[in-house]
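In: this one's structure only:
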């Protein structure tokens, strides 16, 4: 059994004909999908390391440091020598483990993070940032037009065929209403659920079918509220943990349009990439901590500007993290003609979506040893 204390602090790996690449995953499917998309485009053999987290940290956020204290080691894939040449990861919890691995390698392993670093940005060789992250300009940051997650077209086609009898028999147009859950600073409760139903019914529900689908993050009170107030032309799918009984991918293939709650980056981007006319329902915000207010106010400034210097000083002290503003992603999708805000009709012929994978792969290949780049 691997434990944090018995692992050696550094190890030499014998030379290899290929670079050793680790993909370190957590439990968020949308995050993991971005890692997989890059790995597929990179076209090199990769070792997949899936981590499970201790109960207090599955929802709660651990204090950020290079450590495995938050990882349930017995249930996770082992992180042990020979250490990798390159690590690709995403998210707070997996990136803590990735930083720990980098340090065990004596700093030799190159580290690529999708998203934003909570701390220690200088230890990441490449940070892949998307519009919602308020990260100042840095030499190790590459900015993308949109997040990289995308649903597998073959999986969409297969699920659409499996659900065709049920979904295809419903009166058209079929409007999929995809519901996420509360995430700081956004609120999703019974009051918000009532407003969502009213606004969708008013603007998109006069004809056809409204198909509401919840997710693993949807609170029980929201599901109960939906059950009580849905209009007569609506159906409700209650998310279940069992695999193989979720219409999400089928809806990406069969729905005439999608409404997505604005907390879910993955559902918004996957619906857009699947070519579904998209409407975004922005969730109201609750209270925000002082560090989030400061981060939003200060970032993302231009490098060298006074605000950037203040942000970096507070960041290095651990007083603030780089901020996240999902409404910036909403705005980018709308600006590009890929979505409309609730109350407006979605674009019927969504614009072409930029694909930044080639740019990302070029930057990652530059990090590999010369014989593999």
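Out: Great, that's in hand. What you see is a predicted model; the values in this text were computed from it and never measured.

In: residues touching the residue nearest to residue 50 when sequence neighbours are not counted, list them.
Out: Using Cβ to Cβ, 6 or more residues apart in numbering and skipping residues adjacent in sequence, the residue nearest residue 50 is residue 25, 4.6 Å away. C-beta here means a position set from N, CA and C on the backbone, and glycine is covered the same way. Listed by Cβ atoms under 8 Å, 6 or more residues apart in numbering, the contact partners of residue 25 are 31, 32, 35, 48, 49, 50, 51, 89, 90, 94.

In: Please dump those residues into a markdown table; it should also carry secondary structure for every row.
Out: Shown next, in a markdown table, are the contacts of residue 25 (DSSP: H, G, I helix; E, B strand; the rest coil):
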| residue | secondary structure |
| --- | --- |
| 31 | helix |
| 32 | helix |
| 35 | helix |
| 48 | strand |
| 49 | strand |
| 50 | strand |
| 51 | coil |
| 89 | strand |
| 90 | strand |
| 94 | helix |
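
In: Turn those into a markdown table, including neighbour count and pLDDT.
Out: Rendered in a markdown table, the data for the contacts of residue 25 read as follows (neighbours: other Cβ atoms under 10 Å; pLDDT from 0 to 100):
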| residue | neighbour count | pLDDT |
| --- | --- | --- |
| 31 | 23 | 91 |
| 32 | 22 | 94 |
| 35 | 24 | 96 |
| 48 | 14 | 98 |
| 49 | 20 | 98 |
| 50 | 14 | 98 |
| 51 | 23 | 98 |
| 89 | 28 | 98 |
| 90 | 27 | 97 |
| 94 | 29 | 98 |
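
In: For residue 254, state which of those is nearest.
Out: Comparing the contacts of residue 25 against residue 254 with Cβ to Cβ places residue 32 closest, at 24.7 Å.

In: How much space separates that closest one from residue 339?
Out: In this view, residue 32 and residue 339 are 24 Å apart by Cβ to Cβ, to the nearest Å.

In: Which residues are in contact with residue 163?
Out: Contacts of residue 163 (Cβ under 8 Å, 6+ apart): 247, 250, 254.

In: where does it land on pLDDT?
Out: Note on residue 163: pLDDT of 96.

In: Could I get the pLDDT score of residue 142?
Out: In this model, residue 142 carries a pLDDT of 95.

In: So which elements touch the helix or strand hosting it?
Out: Taking DSSP states H and E as the criterion, the element that holds residue 142 is strand 141-143. Of the remaining helices and strands, those touching strand 141-143 by 3 or more Cβ pairs under 8 Å, 6 or more residues apart in numbering; DSSP states H and E are strand 126-129, helix 357-365.

In: still on that earlier bit, which of the contacts of residue 163 are buried, as a PyMOL select command?
Out: Those of the contacts of residue 163 that meet the burial criterion (16 or more other Cβ atoms under 10 Å) are gathered into one PyMOL selection, given here:
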select buried, resi 247+250+254
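
In: Closest one of the contacts of residue 163 to residue 261?
Out: Comparing every one of the contacts of residue 163 with residue 261 (Cβ to Cβ), the shortest separation belongs to residue 247, at 16.6 Å.

In: Just confirm that closest one contacts residue 235, I think it does.
Out: No - between residue 247 and residue 235 there is no contact under Cβ atoms under 8 Å: 9.8 Å.

In: Between these two, which contacts overlap?
Out: Shared contacts of residue 247 and residue 235, defined by Cβ under 8 Å, 6+ apart, are found at residue 211.

In: closest one to residue 273 among the helices and strands packed on strand 141-143?
Out: helix 357-365 (11.8 Å).

In: Buried residues, the closest one. List them.
Out: Going by neighbour count (16+ other Cβ under 10 Å), the buried part of helix 357-365 is 357, 360, 361, 364.

In: quick one on the thing from earlier: gap between the residue nearest to residue 50 and residue 31?
Out: If you measure residue 25 against residue 31 using Cβ to Cβ, the figure is 8 Å.

In: list residues touching both of these two?
Out: A shared contact of residue 25 and residue 31, defined by Cβ under 8 Å, 6+ apart, is any residue touching both; here these are 90, 94.

In: Would you mind checking which of the buried residues of helix 357-365 is nearest to residue 71?
Out: For these, the nearest to residue 71 is residue 364 (24.6 Å; Cβ to Cβ).

In: The residue nearest to residue 286 when sequence neighbours are not counted: neighbouring residues, count only.
Out: On the basis of Cβ to Cβ, 6+ apart, the spatially nearest residue to residue 286 that is not a chain neighbour turns out to be residue 187, at 4.6 Å. Applying other Cβ atoms under 10 Å, we find 15 other residues in the vicinity of residue 187.

In: got it, and residue 41?
Out: 14.

In: Poorly predicted segments of this structure, please.
Out: When residues are selected by pLDDT under 70, those of the chain lie in 1-17, 243-244, 287-321, 370-373.

In: ranges for the helices of it?
Out: With DSSP state H as the definition, the chain shows helices at residue ranges 29-42, 56-59, 92-104, 153-168, 190-204, 220-229, 248-254, 265-273, 290-298, 306-316, 326-335, 357-365.

In: mind putting those in CSV, distance to residue 79 included?
Out: Converted to CSV, the helices of the chain look like this (distance: least, Cβ to Cβ, whole Å):
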stretch, distance to residue 79
helix 29-42, 16
helix 56-59, 16
helix 92-104, 6
helix 153-168, 29
helix 190-204, 40
helix 220-229, 36
helix 248-254, 31
helix 265-273, 26
helix 290-298, 30
helix 306-316, 27
helix 326-335, 31
helix 357-365, 20
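
In: any idea which of those helices is most buried?
Out: For the helices of the chain, the stretch with the most neighbours on average is helix 265-273, a mean of 25; neighbours defined as mean count of other Cβ atoms under 10 Å.

In: Distance from the strand holding residue 142 to the middle of the chain?
Out: Computed by Cα atoms, centre = their mean, to the nearest Å, the separation of strand 141-143 from the middle of its chain amounts to 16 Å.
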